[in-house]
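Colleague: fold the stuff below for me.
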Amino acid sequence: MKEHITISQLSQLMNVSVHQLRYFEEKGILYPSYTEKNQYRMYGLHEIYQLSHILLLRKLNVSVGQIEKCMTSYAADDYNQLLEDSLQRVQDEIANLKLLEQFIHKVLKEHHSLTHQDNEYQIRLIGPRHLKLWFAFERDQELTARDLFEQRPVPPQLFENDLHYLSGSGQVKLCYETTDTADYILEEGSYLYKNFSVTEDDEIEYEIQQLERYVTQHQYKCQSKIILVEKSYLSMFDNNKLQYEIQVKVK
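Modeller: Predicted coordinates:
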């Protein structure tokens, strides 16, 4: 019949491979309108619309096995629920992609800033930071992988965020920024800061001592204890070093 088309023509019309069309037939969700004596599969308008529905369901991540159930037993309400569920998944994915976009912008901006700094002390205004305590450890304690593993639950996106080390009373409190109830609040103000990278823990202690000397020499009045900020995500630019920023609020 002239109003029907071959499987090859259907493939071209719907931008689907012949292999995929044969697979749909094998799974019992799309049959030809009829088969000619020469074994050519022929498809009509009904099959075209049926295939369009199959492709839409596949785009909604419905499995081929589930499609058969959809086409044989789903009512309008079932399809409505299916679309609402799919919409929610898409919206969640968009939200995650936006967070990823923000993170990429953050990393690029901070790396650009690092490469254009002269590695000297500078002052900048930093807004208030609300911190959640992850765990505390002794100041002379060297952190290990086991220490991190045992401190569960682990904060979300742990190494995509700045980790703040707050020292006091012989302990170091390891914190991360939060929008929930905070354990500590770092006040807005002018902070003296410097970025540096290390390969050994001793280098961190050296930077702390250097900052203390600098504050004394320039007669700054400290309004906070020294804050160490770990930016582990910047280590991707140099796998042999860990990036930090040392800060203290001054007047």
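
Colleague: show me which residues of the helix or strand containing residue 72 are buried.
Modeller: Using DSSP states H and E, residue 72 sits within helix 64-73. The neighbour-count check on helix 64-73 (16 or more other Cβ atoms under 10 Å) flags 67, 70 as buried. Heads up, the C-betas are built off the backbone N, CA and C, glycines and all.

Colleague: centre of the chain to the helix or strand just after that helix, how far?
Modeller: With elements assigned by DSSP H and E, the helix or strand that comes after helix 64-73 is helix 76-115. Centre-to-centre, helix 76-115 and its host chain are 9 Å apart (Cα atoms, centre = their mean, to the nearest Å).

Colleague: kindly report the same for stretch 169-179.
Modeller: Here stretch 169-179 is found 23 Å from its chain centre; the criterion is Cα atoms, centre = their mean.

Colleague: could you do stretch 118-137 as well?
Modeller: Using Cα atoms, centre = their mean, the offset of stretch 118-137 from its chain centre is 22 Å.

Colleague: so what touches that stretch?
Modeller: With Cβ atoms under 8 Å, 6 or more residues apart in numbering as the test, stretch 118-137 has contacts from 143, 147, 151, 155, 163-164, 166, 171-196, 211, 214, 247, 250.

Colleague: follow-up on the earlier one: tilt between the helix holding residue 72 and helix 76-115?
Modeller: Helix 64-73 and helix 76-115 are oriented at 150 degrees to each other (axes from the mean of the first three to the mean of the last three Cα atoms, to 10 degrees).

Colleague: any weak-confidence spans in the chain?
Modeller: 1 (pLDDT under 70).

Colleague: can you map out the strands along it?
Modeller: Taking DSSP state E, the strands of the chain run over residues 5-6, 34-35, 41-43, 122-126, 129-138, 163-168, 171-177, 184-186, 189-198, 227-230, 242-249.

Colleague: separation between the residue nearest to the spatial centre of the chain and residue 190?
Modeller: Central residue of the chain (Cα atoms, centre = their mean): residue 100, 4.6 Å from the mean position. Distance of residue 100 to residue 190, given as Cβ to Cβ, to the nearest Å: 32 Å.

Colleague: and residue 81, by the same measure?
Modeller: Distance, residue 81 to residue 190, using Cβ to Cβ: 55 Å.

Colleague: please apply the same query to residue 38.
Modeller: Residue 38 is 85 Å from residue 190, by Cβ to Cβ.

Colleague: quick one: contacts for residue 168?
Modeller: Per Cβ under 8 Å, 6+ apart, neighbours of residue 168: residue 225.

Colleague: please repeat the previous calculation with a cut-off of 6 Å.
Modeller: By Cβ atoms under 6 Å, 6 or more residues apart in numbering, residue 168 lies in contact with nothing.

Colleague: kindly report the same for residue 43.
Modeller: Listed by Cβ under 6 Å, 6+ apart, the contact set of residue 43 reads 5, 10, 32-33.

Colleague: repeat that for 8 Å
Modeller: By Cβ under 8 Å, 6+ apart, the contact list for residue 43 reads 4-7, 10, 32-33.

Colleague: using CSV, lay out the residues you listed together with distance to residue 92 and neighbour count.
Modeller: Output for these, formatted as CSV (distance: Cβ to Cβ, whole Å; neighbours: other Cβ atoms under 10 Å):
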residue, distance to residue 92, neighbour count
4, 42, 18
5, 39, 20
6, 41, 15
7, 37, 17
10, 35, 22
32, 39, 18
33, 40, 16
